[in-house]
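# would you be able to build a 3D model of this:
(2 chains)
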Amino acid sequence: MFVADLRSVLQNTTMAIEELSFNKENLSKNSVTTQEVEQVMASATAIDCEMTPSDRGNDRVMLVGFTLVGRLLEVGIEFFANRLHVFHASGATKNYRKRFEERVRT
Amino acid sequence: MTPLSPQNKERLETARNEARKRVIARGIVQFRADKEMMDQLLQISDYQKVPVGTLVRQWLAPIVTQQFINIQIERQAILTPHEATKAEQLFTQALRCKEMISKLPSMSNERIRAESDYSMLLQNANALFVHTSENSRDSVLLKHIRLRLDQIALLCNEETPAVLNKKPKKKAV
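Residues are numbered from 1 along each chain as shown, chains lettered A, B, ... in the order given. Below you'll find the model as predicted:
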């Protein structure tokens, strides 16, 4: 096997896997699919905005980025001990749209 | 508002990397087109009797490969073994394409397209290998690249029609 292939295999095997769960009610209410959420997460240009911790005291973050079609979404993620939970996803509101434009420009 | 802890930042990064892998594995690209372009696309698709998706993929493949190489050269980042694997992938794709060509009927549209894809893939792999070999100091990598370049040269010689290899006959005086 080629040395670089071997290196990449080793890197991949040592990487931890993060489980992802979705609030499907919220997603369907806002006409967002789980695939679109993944596309925003995968986007290199997506930005993360700080949020207040949840009622359970878990950290939360709001990702803002484009889907493959070009829809700007906001995706809220809560950090549980064993998984990451997407509690909210919808078209980006004015506030987050503005923040995204500012961050991308800089 | 509280900033994310370094641990959670790392977890988010991991989740994003995994999401990226799933998006790549799904292999579906969507884009919006205006009415005029859609109409023209459908007409071309009907005329050539090829589905729109296949058509766009065929058009896009060489452009994407070329753009990708251009970006890599711009970034000056194709010096690592990781980048060399990209050349390796192109080479493997070219070999698969070659296998497919032999199964296609001669002079068919599919064969002509496959042949052009094959030569494009081989050229790009060659360009990447040469560029990497010029800039890399890793002896293992250089040895591997030399082997691949020899293989590409052999494949290119195979493709040269026998007529071109023949020496011209001397005219009788």
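# what residues does the helix or strand hosting residue A:28 touch?
Using DSSP states H and E, residue A:28 sits within helix A:24-29. When contacts are defined by Cβ atoms under 8 Å, 6 or more residues apart in numbering or on different chains, helix A:24-29 is touched by residues A:33, A:34, A:37, A:86, A:87, A:88, A:89, A:90. From N, CA and C alone the C-beta is placed, and that goes for glycine too.
# would you agree residue A:49 falls within a helix?
No. Counting by DSSP: H, G, I helix; E, B strand; the rest coil, residue A:49 is not part of a helix but strand.
# what's across from it in the sheet?
residue A:62 (DSSP bridges).
# next, count neighbours for it.
Per other Cβ atoms under 10 Å in any protein chain shown, the neighbour tally for residue A:49 reads 16.
# re earlier: now the contacts of helix A:24-29: which count as buried?
A:37, A:86, A:87, A:88, A:89, A:90 (16 or more other Cβ atoms under 10 Å in any protein chain shown).
# can I get these in JSON lines including distance to residue B:114, pLDDT and secondary structure?
Formatted as JSON lines, those follow (distance: Cβ to Cβ, whole Å; pLDDT from 0 to 100; DSSP: H, G, I helix; E, B strand; the rest coil):
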{"residue": "A:37", "distance to residue B:114": "37", "pLDDT": "95", "secondary structure": "helix"}
{"residue": "A:86", "distance to residue B:114": "42", "pLDDT": "94", "secondary structure": "strand"}
{"residue": "A:87", "distance to residue B:114": "48", "pLDDT": "94", "secondary structure": "strand"}
{"residue": "A:88", "distance to residue B:114": "47", "pLDDT": "95", "secondary structure": "strand"}
{"residue": "A:89", "distance to residue B:114": "41", "pLDDT": "95", "secondary structure": "strand"}
{"residue": "A:90", "distance to residue B:114": "44", "pLDDT": "95", "secondary structure": "strand"}
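# possible to save those as JSON lines with distance to residue A:68?
Shown next, in JSON lines, are the buried ones among the contacts of helix A:24-29 (distance: Cβ to Cβ, whole Å):
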{"residue": "A:37", "distance to residue A:68": "12"}
{"residue": "A:86", "distance to residue A:68": "18"}
{"residue": "A:87", "distance to residue A:68": "23"}
{"residue": "A:88", "distance to residue A:68": "20"}
{"residue": "A:89", "distance to residue A:68": "15"}
{"residue": "A:90", "distance to residue A:68": "17"}
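# having no further points to raise, I will conclude here.
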